[in-house]
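>>> Turn this into a model:
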Amino acid sequence: MVTMLKRKVNSDITVIGGGLAGICGAIAAARLGQKVSLVQNRGVLGGNSSSEVRVWVAGATKHGVNRYARETGIMGELFVENQYRNPEGNPYLWDVLLMEKVKAEPNIQLFLNTEVTSIVMNQDKTIKSVTGFMSASETLLEFESGYFIDCTGDGLIGFLAGAEFNIGRESSNVYNESLAPFEADEDTLGSSLFFYTRNVGHPVKYIKPSFAKDITETSIVNNRIIRKEDNGCAYWWIEWGGELDIVHDNEKIRDELQSVVYGIWDYIKNSGKYDADNLTLDWIGSVPGKREYRRFKGGYVLKQQDIEEQTLFDDRIGFGGWSIDLHPASGMYNDSVGAKHSVADGVYHIPYRILYSRDINNLFFAGRDVSVSHVAFGTVRVMATCAVMGQAAGTAAALANEKQIKPAAIYSNYLQEYQQTLLREDGSVLGVKNEDLNDLARKAEVTASSALKEINTYAVDMDPYPLDKAVAFTLPVDPNIKELKLLISTAKATELKVTWYSTGKPQNYIPDSKIDEQTIEVEANFMGWKTVNIDWQPEQPQNIFVIVEKNENCSVYLGHQEFAGVLSYVNDPIQELSQPELHDYSRKSPLLYWTNQSISRRNFVFKVEQTEAYSAEKIINGYVRPYGGPNMWVTNFRNKPEEIQLTWTKPQHIKQINLTFNDDVNEDIINLHHHKTYFEQVPELIKSYRVYYQSEDEWHLLWQTDSNRERHIVQKLDQTIETKKLKFELLQTNGSQQISLNEIRVY
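Sure thing, here's the model as predicted:
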């Protein structure tokens with residue numbers, strides 16, 4: 001009897017699904033010393049972000065609406081490196097970066113074009129193995145592992161294992177969610193198919209295929225926005241299939257989506273309503289980008305209220321920030337809006353308990369199949385958030401394998417160790433401090449050549465900004481603020497009103513609770529500083545939101561200068577609020593009205609004379625990103641080298657040093673084409689630095705770097721050194737005039 005070639009693959013952890021959740025899960029586990037098999041059913045990695053589908057990697061930033069919200073960890077590493085290599089957003093170069101990152105890990109075995117078709121279960125509700133068919137090689141591969149991570153999106157592994165799941169929308173009384181329907185149904189979010197166009201410089205004809213849809217006979221032309229300039233994910237609303245079975249009807253859905261794409265292109269080219277003679281189709285997708293299918297039951301189900309109220313989970317392992325973004329099941333044929341949103345006041349926390357099956361004892365989930373309600377799924381589904389969950393799941397699987405425990409036992413018995421591991425690996429966790437007992441830096445005295453004591457956003461290059469609308473800015477208050485000086489000018493005598501607020505939760509940047517206000521008398525033809533007497537000392541360091549009210553007789557000044565820990569805003573609602581054809585908002589946060597995209601990396605001019613927010617001790621305060629303050633050491637605009645030293649009372653034996661540089665997580669970097677970021681390397685990142693240790697009163701060079709573009713550096717030394725002092729010379733940034741550093745760890 002003739003049979004196919006069979007192979008058995010043994011590893012500690014098998015990750016099924018090579019989207020961003022699977023990639024980050026595999027890399028996380030591999031970097032923690034686990035042998036990992038990564039199984040992907042396509043020939044490229046990246047899932048919906050790959051060149052096959054081309055969805056931009058959105059996440060907690062919500063395209064710049066949320067502040068200081070870009071993910072760190074492995075996803076952040078991918079964002080920053082892609083920005084350097086691929087600033088034009090070429091989808092094929094994104095594919096290459098993902099492949100390189102996976103292949104760079106010696107502990108990962110990668111299996112492409114391998115579709116899992118069956119599993120073998122043990123009697124104790126554990127998965128023994130999964131079997132996949134590697135199509136082009138005509139090979140059956142059996143993957144045996146102690147632990148499995150289902151990153152398939154559709155939840156194939158959990159389904160085959162018999163884990164409990166939901167498909168569709170729960171009724172509102174199940175989780176008391178106001179956005180859920182009164183009665184449960186099986187409707188889901190649909191799939192999408194995109195296309196790209198190109199101007200070839202001469203007229204190009206287009207003859208539509210016979211199967212193309214005549215969109216003038218549909219509701220699309222009346223209810224959606226069609227622009228000849230749009231490409232790719234700008235057509236997110238080309239969506240259908242939510243009333244069908246997204247998986248089993250995939251081919252039917254693809255055919256319908258393709259018929260509409262060719263029909264939309266016919267409408268653009270041949271309706272006479274667009275100047276599109278020189279445009280041609282450059283690419284059209286053949287793989288539908290799926291949004292929703294199975295959602296498995298874990299130790300907890302994330303709900304609408306957890307997003308909107310930003311629940312502070314004790315087991316938080318990452319954060320999200322996309323709106324609850326729910327689309328009609330009928331997609332592009334729906335007569336009403338394309339998306340309904342609910343927006344929290346900032347990023348929300350993601351609990352560990354949604355990342356494992358409550359039924360199967362060695363199965364984790366990451367990505368679109370985690371334990372959430374349909375409503376909460378509307379936000380966690382975006383890919384950068386899936387990637388954060390992937391890193392958390394890979395880290396958890398590594399810990400479970402090391403200790404030979406069930407996933408649930410991490411929550412009950414090893415939560416602190418787990419969270420500390422995520423922090424050490426620069427995971428996107430908020431509000432959990434570094435308490436690593438092995439980190440020698442926590443016991444050191446920290447001294448620096450200088451530290452920023454004054455917040456002064458005055459810039460040589462600045463412009464008057466007429467107050468025809470209100471403006472605002474946030475700044476850290478640590479430990480207090482007495483007064484603030486504001487640079488203004490007037491032609492006529494006037495009264496200028498300034499109001500200030502606390503920002504609420506430590507991760508929020510909104511006017512939450514009013515503290516006080518002051519009306520300033522300004523004489524005619526004035527140009528100079530006016531004092532605002534704030535006099536506020538919060539119980540713990542936090543940000544303050546200062547609003548300068550609209551006044552048509554007055555101007556403030558806007559400088560061309562970024563400033564660590566300071567952001568400026570205009571009262572300018574986001575564009576989506578004026579697109580009722582596409583977007584409806586059930587909860588409208590102040591985030592949507594106080595925006596800074598149009599003045600990104602610029603600040604209104606003010607000064608505060610005394611602050612401790614940027615002291616050298618911040619590098620060992622336990623936080624590695626803004627949270628109730630910038631949590632970093634920052635120097636003034638000296639444009640010269642700075643140094644920081646760690647000193648111990650007794651000699652320390654050191655084998656490894658971790659550095660976390662400031663990569664301005666407020667900057668919304670994206671992989672493809674949503675917008676363009678003008679720089680290739682984040683300006684705040686330290687480019688050139690030296691690290692020394694002291695021995696017998698002499699300094700010895702440990703290592704040096706002159707072309708750094710990374711945030712998180714893990715330097716393992718060739719041999720253990722004994723010293724009482726380390727010195728870090730920070731010589732040059734990638735463009736910023738401020739030297740800054742989030743954290744130093746020493747092991």
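
>>> Please enumerate the strands of the stretch 251-400 of the chain.
279-284, 295-296, 316-320, 324-326, 339-342, 348-351, 363-365 (DSSP state E, counting those that start in this stretch).

>>> what does the fifth one contact?
So the one you mean is strand 339-342. With contact meaning CB atoms under 8 Å, 6 or more residues apart in numbering, strand 339-342 is reached by 179, 237, 304, 307-308, 323-327, 576, 582-587. C-beta here means a position set from N, CA and C on the backbone, and glycine is covered the same way.

>>> what's the model's confidence in that strand, averaged?
Across strand 339-342, the average pLDDT comes to 91.

>>> where does this structure dip in pLDDT?
1-2 (pLDDT under 70).

>>> care to break it down by domain?
5-170+295-424, 191-284, 440-451+614-746, 455-608 (automatic domain parsing).

>>> Reformat those domains into JSON lines and put mean neighbour count and distance to residue 432 next to each item.
Output for the domains of the chain, formatted as JSON lines (neighbours: other CB atoms under 10 Å; distance: least, CB to CB, whole Å):
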{"stretch": "domain 5-170+295-424", "mean neighbour count": "22", "distance to residue 432": "5"}
{"stretch": "domain 191-284", "mean neighbour count": "17", "distance to residue 432": "33"}
{"stretch": "domain 440-451+614-746", "mean neighbour count": "19", "distance to residue 432": "8"}
{"stretch": "domain 455-608", "mean neighbour count": "18", "distance to residue 432": "12"}
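
>>> any chance of those in a markdown table, with distance to residue 184 too?
Converted to a markdown table, the domains of the chain look like this (distance: least, CB to CB, whole Å):
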| stretch | distance to residue 184 |
| --- | --- |
| domain 5-170+295-424 | 6 |
| domain 191-284 | 15 |
| domain 440-451+614-746 | 34 |
| domain 455-608 | 20 |
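
>>> Ok, which of these comes nearest residue 433?
domain 440-451+614-746 (3.1 Å; CB to CB).

>>> first vs last residue of that closest one, how far apart are they?
5 Å (CA to CA, to the nearest Å).

>>> now swap in stretch 366-378 and tell me
Using CA to CA, the two ends of stretch 366-378 sit 15 Å apart.

>>> Tabulate the strands of the stretch 251-400 of the chain in JSON lines, adding columns for distance to residue 534.
Shown next, in JSON lines, are the strands of the stretch 251-400 of the chain (distance: least, CB to CB, whole Å):
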{"stretch": "strand 279-284", "distance to residue 534": "54"}
{"stretch": "strand 295-296", "distance to residue 534": "47"}
{"stretch": "strand 316-320", "distance to residue 534": "30"}
{"stretch": "strand 324-326", "distance to residue 534": "35"}
{"stretch": "strand 339-342", "distance to residue 534": "33"}
{"stretch": "strand 348-351", "distance to residue 534": "30"}
{"stretch": "strand 363-365", "distance to residue 534": "47"}
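
>>> which stretch among these comes nearest residue 728?
Taking the strands of the stretch 251-400 of the chain one by one with CB to CB, strand 316-320 is closest: 28.7 Å.

>>> then the closest one to CSV, C-alphas only?
Provided in CSV are the C-alpha atoms of strand 316-320 (Å, rounded to 0.1, in the frame of the first residue of the first chain):
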residue,chain,number,x,y,z
ARG,A,316,-2.9,42.1,33.3
ILE,A,317,-0.4,41.0,30.6
GLY,A,318,-0.8,43.8,28.0
PHE,A,319,-3.1,46.5,26.8
GLY,A,320,-5.3,47.4,23.9
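
>>> Note down every partner strand of that strand and its orientation.
Strands flanking strand 316-320 in the sheet, each with its direction: strand 348-351 (antiparallel) (DSSP bridges).

>>> excluding its backbone neighbours, what's nearest residue 417?
residue 399 (7.0 Å; CB to CB, 6 or more residues apart in numbering).

>>> who's in contact with that neighbour?
So residue 399 contacts 32, 410, 414, 417, 418, 421 (CB under 8 Å, 6+ apart).

>>> Could you measure from the nearest residue to the third one once chain neighbours are set aside over to residue 115?
By that I understand residue 414. With CB to CB, 6+ apart as the criterion, residue 414 has its nearest non-adjacent residue at 6.4 Å, and that residue is residue 399. Per CB to CB, to the nearest Å, residue 399 is found 29 Å from residue 115.

>>> swap in residue 236?
27 Å.

>>> and residue 120, which of the strands of the stretch 251-400 of the chain is closest to it?
Counting by CB to CB, residue 120 lies closest to strand 363-365 out of those; the figure is 13.4 Å.

>>> What is that closest one packed up against?
Packing partners of strand 363-365 (3 or more CB pairs under 8 Å, 6 or more residues apart in numbering; DSSP states H and E): strand 147-150, helix 156-161, helix 383-403.

>>> contact partners of the helix or strand following the longest one?
What it means is helix 383-403. Downstream of helix 383-403, the next assigned helix or strand under DSSP states H and E is helix 407-413. Identification of contacts with helix 407-413 by CB under 8 Å, 6+ apart yields 299, 315, 352-353, 355-358, 361-364, 396-397, 399-400, 403, 405, 418.

>>> run the last query once more with 10 Å
147, 298-300, 314-315, 351-353, 355-358, 360-365, 393, 395-397, 399-400, 403, 405-406, 415, 417-419 (CB atoms under 10 Å, 6 or more residues apart in numbering).

>>> so who does the nearest residue to residue 646 once chain neighbours are set aside touch?
Counting by CB to CB, 6+ apart, residue 646 lies nearest to residue 444, which is 4.0 Å off, once chain neighbours are set aside. Listed by CB under 10 Å, 6+ apart, the contact set of residue 444 reads 619-620, 645-649, 652, 724-726, 744, 746.
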